[in-house]
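Asker: Got a sequence here, can you build the structure:
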Amino acid sequence: MRGIFANRWWVVAATVLGLIVGAGPVNVFTFGVFLKPITAELGIGRATFSSALTLHATMAALMCPLFGWMIDRWGVRRVMLPALVLYALGIAAYALITADPFAITYLIFGITGLTGTVAGPIPYSTVISQWFDRQRGLALGIGMAGVGLGVALMPQLATALIAEFGWRAAYIGMAVAVVVCAFVPVALFVREPADFAARPQPGESRGAALDLPGAGVREALCSWLFWGLGLAFFLDVIAINGTLTHIVALLTDRGIGCEVAVTALSGTGIALLAGRVLSGWFLDRFRGPYVAIGFFMTPMVGLLLLMSHAEGAAPFLGAICLGIGIGAEIDLMAFFASRYFGLRNYAKIYGTMFGLFGFGVGIGPALSGLSFDWFHSYTPIFAVYEIMLFVTCVIFLRLGPYPYPAGERAARPAPAEQPA
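Answerer: Below is the predicted model of the structure:
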């Protein structure tokens, strides 16, 4: 990058654009928009179709550690550019899903799970953490806010495309959006700082080659801290995603118009955006575990509002509370991975933790679908989700001080840390 484009904040801007069409907004948060049209046309139950998303999330979760290893070995840019092309092709392939046989649908969702990891936070968080130290929380918060914009915009885009062209053509339109909003900005702006350009030896990570501070992979995986954080984020995403992926169906079941229900889902995207930026700002100033507890108590309030069956603004406020909670989770995970385990093997460790998180992405929608199919109500599973979020808050209370606080690279100043 030269001239004006040498400013490291262009990396953050590219992250925002890329995550608008990331795996979360496109694969998960438009799922509720496609749910009714697809199940009606294919003649299948909500739980059956949701199980395809479970498979998708499982494959994505399994891919995360490998993807993190690839980034640590070859760098963000070399991995992202070809993988984004495959991701766009996978989204377009959703137009081919069918119920006869449903195995084809499982195959397509499985493939998009493998390729969709590139469109998630792992590569973007890695490169932002390399560029930023003392402002890392804010930079991650702004960058990850792209997911919030995606949650606000992509359901609206999907609804418009479905109304105009049908759900199959709508998926092709989403694939085009991936090329425009993700591939092009990444090609132009996303790359590592100059001092991260060293090539590692075989079997060595870039972090080790650069002598960066941080825990070894085995050391991290053998610690209670890694598994405690992994469990906390696993439970929280089951609860929040499991609710939000069915929020459009839930609201329309209560007699609310489809356009209004989709608007409510988009409202959660705005709340998610606010949660991203605010959590990042707080993380640079206050103890992370307390920030996490505050943000995860909010969706507990949202679930209570939805369980109350109150009318008027209550269900919309409930959805917004859930959006604020999910807005913080990715920021917190990326930030905690860097502060508790350092940058030496960041992509591997964060990728593995994100893999655990990814399993929960698919479990929640399936559990919510089963609750509706069995009890004709989401209330039973919402009560279970409340317990999960409470356990998450208890885990955060057990976290200690950061082993790798801000200023960890102060002893070896780098051009990347100087103002552009």
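
Asker: Residue 63 and residue 106: what is the separation?
Answerer: 16 Å (C-beta to C-beta, to the nearest Å). No exception for glycine: its C-beta is placed from N, CA and C like everyone else's.

Asker: Those two - which one has more neighbours?
Answerer: Using other C-beta atoms under 10 Å as the criterion, residue 63 and residue 106 rank with residue 63 on top: 23 against 16.

Asker: Please look at that one and residue 114 and confirm they touch.
Answerer: Yes - between residue 63 and residue 114 a contact is recorded at 5.2 Å, counting by C-beta atoms under 8 Å.

Asker: so after the worst-scoring helix or strand of the chain on mean pLDDT, what's the next helix or strand?
Answerer: Every helix and strand of the chain was ranked by mean pLDDT, DSSP states H and E. The lowest is helix 206-209, at a mean of 51. Per DSSP states H and E, the first helix or strand lying C-terminal to helix 206-209 is helix 217-221.

Asker: in that next one, what's buried?
Answerer: Within helix 217-221, the residues that qualify as buried are 217, 220, 221, counting by 16 or more other C-beta atoms under 10 Å.

Asker: Quick check, the second one in contact with residue 346.
Answerer: No - because the distance of 10.2 Å does not satisfy C-beta under 8 Å, residue 220 is recorded as not touching residue 346.

Asker: List the contacts of residue 398.
Answerer: Applying C-beta atoms under 8 Å, 6 or more residues apart in numbering to residue 398 gives the contacts residue 228.

Asker: for residue 139, that is, sorry about that
Answerer: Per C-beta under 8 Å, 6+ apart, neighbours of residue 139: 9, 12, 128, 131, 132, 280.

Asker: List only those of the residues you listed flagged as buried.
Answerer: The neighbour count (16+ other C-beta under 10 Å) marks 12, 128, 131, 132, 280 as buried among the contacts of residue 139.

Asker: Make JSON lines out of those and add pLDDT.
Answerer: Output for those, formatted as JSON lines (pLDDT from 0 to 100):
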{"residue": "12", "pLDDT": "89"}
{"residue": "128", "pLDDT": "87"}
{"residue": "131", "pLDDT": "82"}
{"residue": "132", "pLDDT": "83"}
{"residue": "280", "pLDDT": "78"}
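
Asker: Can you flag which of those residues belong to strands?
Answerer: Judged by DSSP state E, the buried ones among the contacts of residue 139 include no members of strands.

Asker: With respect to residue 226, which of these is nearest?
Answerer: Distance to residue 226 across the buried ones among the contacts of residue 139 (C-beta to C-beta) is lowest for residue 128, with 21.1 Å.

Asker: which residue packs closest to residue 50, ignoring adjacent ones?
Answerer: residue 369 (3.9 Å; C-beta to C-beta, 6 or more residues apart in numbering).

Asker: Also residue 142?
Answerer: residue 12 (5.5 Å).

Asker: Same check on residue 42?
Answerer: residue 99 (3.8 Å).

Asker: Is it correct that that neighbour is in contact with residue 43?
Answerer: Yes - the pair formed by residue 99 and residue 43 meets the contact definition of C-beta under 8 Å, at 6.3 Å.

Asker: Look at the two and report which has more neighbours.
Answerer: The neighbour comparison of residue 99 against residue 43 (other C-beta under 10 Å) goes to residue 99, with 15 against 9.

Asker: residues contacting the more buried one?
Answerer: Going by C-beta under 8 Å, 6+ apart, residue 99 touches 42, 43, 44, 105.

Asker: quick check, it in a helix?
Answerer: No - counting by DSSP: H, G, I helix; E, B strand; the rest coil, residue 99 is not part of a helix but coil.

Asker: How far off centre is stretch 393-404?
Answerer: 22 Å (C-alpha atoms, centre = their mean, to the nearest Å).

Asker: so the nearest residue to residue 87 once chain neighbours are set aside is in which element?
Answerer: Spatial nearest neighbour of residue 87, excluding adjacent residues (C-beta to C-beta, 6+ apart): residue 115 at 4.5 Å. Element membership for residue 115, per DSSP H and E: helix 102-116.

Asker: Show me what that helix is packed up against.
Answerer: Counting contacts by 3 or more C-beta pairs under 8 Å, 6 or more residues apart in numbering; DSSP states H and E, helix 102-116 is packed against helix 46-74, helix 76-93.

Asker: Tell me which of the ones you listed sits most buried.
Answerer: Across those, averaging neighbours per residue (mean count of other C-beta atoms under 10 Å) puts helix 46-74 on top, at a mean of 22.

Asker: in the stretch 201-350 of the chain, what spans have low per-residue confidence?
Answerer: Along the stretch 201-350 of the chain, the model assigns pLDDT under 70 to residues 201-212, 266, 327.

Asker: Check the gap between the closest residue to residue 111 other than its chain neighbours and residue 156 for me.
Answerer: Excluding the flanking residues, the one nearest residue 111 by C-beta to C-beta, 6+ apart is residue 90, at 5.5 Å. In this view, residue 90 and residue 156 are 22 Å apart by C-beta to C-beta.

Asker: Show the pLDDT at residue 41.
Answerer: Model confidence at residue 41, given as pLDDT, is 85.

Asker: what's it in contact with, if anything?
Answerer: residue 167.

Asker: quick one: buried residues of the helix or strand hosting it?
Answerer: Element membership for residue 41, per DSSP H and E: helix 31-42. For helix 31-42, the neighbour count (16+ other C-beta under 10 Å) marks 31, 32, 33, 34, 35, 36, 37, 38, 39, 42 as buried.

Asker: quick one: which helix or strand includes the closest residue to residue 146 other than its chain neighbours?
Answerer: Nearest non-adjacent residue to residue 146, counting by C-beta to C-beta, 6+ apart: residue 19, 3.1 Å away. Assigning secondary structure by DSSP H and E places residue 19 in helix 9-20.

Asker: who's in contact with that helix?
Answerer: Taking C-beta under 8 Å, 6+ apart as the rule, helix 9-20 contacts 1, 25, 119, 121, 124, 127-128, 131, 139, 142-147, 149-150, 153-154, 181-182, 185-186, 188-191, 420.

Asker: Looking at those residues, which are in helices?
Answerer: 121, 124, 127-128, 131, 139, 142-147, 149-150, 153-154, 185-186, 188-189 (DSSP state H).
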